[in-house]
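> Please work out how this folds:
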Amino acid sequence: MEGLGINLPVLLAQIVNFAILFVLLYVFAYKPVLKMLDQRSAKIKGSMEQAEAIRQRTAQTDEEIRKKLAEAQKEGQALLAQAAQMGEKVKEEPSRRPGRKRSRS
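Below is the predicted model:
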């Protein structure tokens, strides 16, 4: 191997050093990074679920508001119709009583 320029003791030392470095990086860098990424992923998933729940509540609230508005509009129309009928009654009332005259402004 000396003819190829390879020094066996140096090669073995480099392999051992690389193995030690690999183990140290795995323990002190790779595992904490994976743990952090898993926590971030869980946090994002929770946020997405929360956003979906809010979206559903908003849709439900919007539907309730639409129903209440439609109901209020119907009540308003009924009140307008009732007021128109009462107005017609009031208009006809003086003409029914012969003793009273309508005053004009």
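
> which residues of this protein score low on pLDDT?
Scanning the chain for pLDDT under 70 picks out 1-2, 94-105.

> What are the boundaries of the helices in it?
Using DSSP state H, the helices of the chain run over 8-25, 31-96.

> Kindly reformat these as JSON lines containing mean neighbour count.
From N, CA and C alone the C-beta is placed, and that goes for glycine too. As requested, the helices of the chain are exported to JSON lines (neighbours: other Cβ atoms under 10 Å):
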{"stretch": "helix 8-25", "mean neighbour count": "10"}
{"stretch": "helix 31-96", "mean neighbour count": "10"}
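
> pull the CA atoms of stretch 71-81 into PDB?
Listed next in PDB are the C-alpha coordinates belonging to stretch 71-81 (Å, rounded to 0.1, in the frame of the first residue of the first chain):
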ATOM      1  CA  GLU A  71     -86.200  36.900   9.800                       C
ATOM      2  CA  ALA A  72     -85.800  40.600  10.600                       C
ATOM      3  CA  GLN A  73     -86.600  41.400   7.000                       C
ATOM      4  CA  LYS A  74     -89.700  39.400   7.100                       C
ATOM      5  CA  GLU A  75     -90.800  41.000  10.400                       C
ATOM      6  CA  GLY A  76     -90.100  44.400   8.900                       C
ATOM      7  CA  GLN A  77     -92.200  43.600   5.800                       C
ATOM      8  CA  ALA A  78     -95.000  42.400   8.100                       C
ATOM      9  CA  LEU A  79     -94.800  45.600  10.100                       C
ATOM     10  CA  LEU A  80     -94.900  47.700   6.900                       C
ATOM     11  CA  ALA A  81     -97.900  45.800   5.700                       C
END
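
> Residue numbering should commence at 56 henceforth.
Right, with 56 as the first residue, what we last looked at is stretch 126-136.
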